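Peer 1: Predicted model and sequence below, questions to follow.
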Amino acid sequence: MDAQYDAVIVGAGFGGMGAAIQLRRLGYRDLLILDREDDLGGTWHVNRYPGLAVDIPSSTYSYSFEPNPYWSRLFAPGAELKKYAEHVADKYGLRASMRFGTVVTGATWDGSSWRVSIEGGETVTAKYLLTATGFLSQPKMPDIEGIEKFAGKVIHTTKWDDSYDLAGKRAAVIGTGATAVQLIPEIAKVAAELTVYQRTPIWVSPKPDYAVPKPLQQAFAKLPLVQRAVRMAGSSILELMMISGVVQYRQFRGANRIAERWCRAHLYRQVRDPQLRRKLTPDYSFGCKRPTFSNDYFPSFTRPHVHLETNSIERIDETGIVTADGKRTEIDTLVLATGFNLWDTNFPAIEIIGRDGKNLGKWWRDNRFQAYEGVTVPGFPNLVSLNSPYSYSGLSYFTTIECQMKHLDRLFKGMRARGSDVFEVTQRANDEFLDRMKHKVGHSVFALGQCATANSYYFNQHGEATLLRPTSTISAHREAARFPLEDYSFARAV
Ligand code: NAP
């Protein structure tokens with residue numbers, strides 16, 4: 001029986017939309033884009049907490065083929081990203097292919113197509129399955145004794161309750177990652193008391209954020225080449241940071257030390273109390289975990305009603321939090337800025353059963369986390385897994401998305417030129433790619449830096465840094481456009 005769709009794409013965020021645009025360019029019309037949320041935009045639909053903004057310059061954090069001249073700031077607020085996602089969906093005619101509030105539970109390869117199971121019992125079939133479920137999409141709830149007994153308001157940052165007023169409340173924030181860094185100054189503005197529970201400090205550098213004046217926005221709109229030049233400059237700086245700070249740590253250790261000094265100086269300028277500075281200073285190498293930018297995070301802790309707690313949380317009861325030193329803090333509101341679970345629940349986000357009953361999640365866990373060029377896996381024909389180990393390339397997620405679009409372009413054109421409609425990466429190509437990535441990780445900050453105390457989600461449960469692709473983005477783009485087609489086997493479905 002023929003599949004109902006050319007392709008099912010799971011996820012209507014920027015990754016899923018990029019894949020859909022590429023498939024359309026390749027001539028596939030019958031697409032179904034499924035998303036568990038009630039609207040498109042992925043991360044930028046789900047995250048709505050106060051202070052949300054992109055932490056990569058906006059001219060770089062967008063599709064290169066769809067520049068937005070109207071970003072209001074160098075680091076645009078989250079709501080503008082959501083609007084941009086809506087614009088892209090409308091302009092490229094993707095909305096009609098999208099179905100929301102649809103939870104995909106699993107997908108099985110039946111020998112010629114993918115059978116995609118949807119919560120509630122429905123099944124759809126597609127020739128190709130593309131998973132674009134994101135890296136940071138499964139919220140992590142902390143496993144703290146008694147948390148379920150707390151009688152006040154509990155909010156995870158991915159489920160912000162706009163109707164809840166924090167004004168005058170005694171609030172607690174658990175976590176000091178990039179999300180908390182944006183959120184804490186906003187809560188500090190309104191809460192009566194704010195206690196921040198920090199387990200691991202974060203490297204924070206000054207944020208060179210500016211409003212983009214209207215005349216400049218108009219100039220970008222009239223002269224796209226100017227904006228392209230700005231994008232290129234931004235991408236080059238990010239690339240330099242990635243190469244020197246992460247990928248080629250062996251050669252550029254000095255660059256990390258400079259970055260650390262830069263962040264320490266920022267802290268020194270903003271916080272005069274040496275004890276508070278000590279608590280806010282990381283003891284792991286810059287780059288082991290995602291650093292961030294902020295001009296108002298550190299000063300928040302100098303306000304009399306904001307307290308930094310570094311003793312570990314022992315338990316939570318009906319009305320407060322108790323730390324290991326026995327101190328109890330009464331609170332009304334518990335904000336969980338505890339991030340995301342990548343390695344237990346995300347790789348992959350749905351159950352995927354390939355050829356001969358091979359279970360992708362089990363295979364990754366029994367073997368190593370791996371995927372050829374971060375997109376395809378042997379034993380899984382016609383599957384493109386966009387959020388795979390070693391897929392995240394560079395600092396802006398759009399670099400990854402556009403590399404993957406190039407890979408799709410070459411793969412599908414190569415397949416069709418051979419009169420085929422089924423592709424599968426070979427075991428040999430996958431193994432060679434994995435060996436190469438493992439070797440390259442050996443040069444990176446993850447292997448050579450002091451990362452033991454970073455608690456970084458870049459590392460999986462086996463202590464391997466298998467999230468980021470440890471190469472330059474130039475090399476990632478080149479390989480996406482030129483990988484040997486012999487790395488795949490092609491066939492015609494029976
Ligand atoms: P995160 O970086 O994983 O931070 C989670 C925080 O919660 C960490 O400080 C963690 O401490 C703490 N935590 C988790 N479980 C805990 C527990 N049981 N007890 C105490 N503390 C606990 O998550 P995030 O801040 O949401 O950021 C995730 C990523 O999203 C960022 O790295 C960034 O890539 C992205 N992001 C981007 C933007 C943007 O572009 N605008 C904004 C925000 C986030 P440990 O470190 O000790 O585990």
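Peer 2: Structure's in. What do you need?
Peer 1: Could you use CA atoms for every contact and neighbour count after this?
Peer 2: Will do.
Peer 1: Surely residue 410 is in a strand?
Peer 2: No - applying DSSP: H, G, I helix; E, B strand; the rest coil, one finds residue 410 to be helix, outside a strand.
Peer 1: In contact with it: list those residues for me.
Peer 2: Residue 410 makes contacts with 480-482, as judged by Cα atoms under 8 Å, 6 or more residues apart in numbering.
Peer 1: which bits of the stretch 51-200 of the chain sit near the ligand?
Peer 2: Residues of the stretch 51-200 of the chain lying near the ligand by Cα under 6 Å from any ligand atom: 52-55, 142-143, 174-180, 199-200.
Peer 1: Let's see the ChimeraX selection covering just the buried ones among those.
Peer 2: ChimeraX command restricting these to the buried ones, with burial defined by 16 or more other Cα atoms under 10 Å:
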select :52,53,54,55,174,175,176,177,178,179,180,199,200
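Peer 1: hang on, the earlier thing: drop anything exposed from the contacts of residue 410.
Peer 2: 480-481.
Peer 1: Let me know the average pLDDT across the strand or helix carrying residue 438.
Peer 2: According to DSSP states H and E, residue 438 maps onto helix 427-441. For helix 427-441, mean pLDDT is 97.
Peer 1: which parts of that helix are buried?
Peer 2: In helix 427-441, counting by 16+ other Cα under 10 Å, buried: 427, 429-430, 433-434, 437-438, 440-441.
Peer 1: picking up where we left off before, which of the contacts of residue 410 fall in strands?
Peer 2: The strands, defined by DSSP state E, take in nothing from the contacts of residue 410.
Peer 1: and the lowest-mean-pLDDT helix or strand in the chain, what other elements does it pack with?
Peer 2: Least confident helix or strand, the chain: helix 224-242 with a mean of 90, by mean pLDDT, DSSP states H and E. Judged by 3 or more Cα pairs under 8 Å, 6 or more residues apart in numbering; DSSP states H and E, the packing partners of helix 224-242 are helix 214-222.
Peer 1: tell me what the helix it packs on is packed against?
Peer 2: helix 224-242.
Peer 1: what about the helix it packs on and the ligand, touching?
Peer 2: No - Helix 224-242 lies out of reach of the ligand by Cα under 6 Å from any ligand atom, never closer than 13.7 Å.
Peer 1: Return the set of buried residues in that helix.
Peer 2: By neighbour count on 16+ other Cα under 10 Å, the buried set for helix 224-242 is 227-228, 230-231, 234-235, 238-239, 241-242.
Peer 1: Next to the ligand in this structure, residues from the stretch 251-400 of the chain, please.
Peer 2: 290, 337-340.
Peer 1: mind putting the residues you listed in JSON lines, pLDDT included?
Peer 2: Output for these, formatted as JSON lines (pLDDT from 0 to 100):
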{"residue": "290", "pLDDT": "93"}
{"residue": "337", "pLDDT": "98"}
{"residue": "338", "pLDDT": "98"}
{"residue": "339", "pLDDT": "97"}
{"residue": "340", "pLDDT": "96"}
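Peer 1: who wins for most neighbours among these?
Peer 2: residue 337 (26 neighbours; other Cα atoms under 10 Å).
Peer 1: List the contacts of the residue nearest to that one when sequence neighbours are not counted.
Peer 2: In space, not counting the residues next to it along the chain, residue 337 is nearest to residue 175; the distance is 5.0 Å by Cα to Cα, 6 or more residues apart in numbering. Applying Cα under 8 Å, 6+ apart, we find residue 175 in contact with 196-199, 336-339.
Peer 1: one more time with 6 Å
Peer 2: 198, 337-338 (Cα atoms under 6 Å, 6 or more residues apart in numbering).
Peer 1: One more: residue 149?
Peer 2: 317-318.
Peer 1: Low-confidence stretches in the stretch 301-450 of the chain?
Peer 2: For the stretch 301-450 of the chain, no stretch is flagged by pLDDT under 70.
Peer 1: And the helices in it?
Peer 2: 360-366, 397-417, 427-441, 445-448 (DSSP state H, counting those that start in this stretch).
Peer 1: Quick one: these as TSV, columns for distance to residue 302 too.
Peer 2: Below are those laid out as TSV (distance: least, Cα to Cα, whole Å):
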stretch	distance to residue 302
helix 360-366	45
helix 397-417	34
helix 427-441	39
helix 445-448	32
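Peer 1: Tell me which of those helices sits nearest to residue 489.
Peer 2: Ranking the helices of the stretch 301-450 of the chain by proximity to residue 489 (Cα to Cα) places helix 397-417 first, at 8.8 Å.
Peer 1: mind listing what's buried in that closest one?
Peer 2: Going by 16+ other Cα under 10 Å, helix 397-417 has these buried residues: 397-412, 414-415.
Peer 1: what separates the lengthiest strand in the chain from the chain centre, distance-wise?
Peer 2: Counting by DSSP E, the longest strand found in the chain is strand 123-131. Centroid separation for strand 123-131 versus its chain: 23 Å, with Cα atoms, centre = their mean, to the nearest Å.
Peer 1: Mind checking what helix or strand follows it in sequence?
Peer 2: strand 153-156.
Peer 1: OK, contacts around the residue of the stretch 1-150 of the chain found nearest the ligand?
Peer 2: Going by Cα to the nearest ligand atom, the ligand is nearest to residue 54 of the stretch 1-150 of the chain, at 3.5 Å. Residues near residue 54 by Cα under 6 Å, 6+ apart: 75-76.
Peer 1: Burial check on whatever residue of the stretch 351-494 of the chain ends up closest to the ligand, number of neighbours?
Peer 2: Proximity of the stretch 351-494 of the chain to the ligand (Cα to the nearest ligand atom) peaks at residue 455, 4.9 Å away. Using other Cα under 10 Å, residue 455 has 13 other residues around it.
Peer 1: which stretch of helix or strand covers it?
Peer 2: Using DSSP H and E, no helix or strand contains residue 455.
Peer 1: What residues of the helix or strand containing residue 279 count as buried?
Peer 2: For residue 279, the host element (DSSP H and E) is helix 274-280. Neighbour counts using 16+ other Cα under 10 Å place 276-277, 280 of helix 274-280 among the buried residues.
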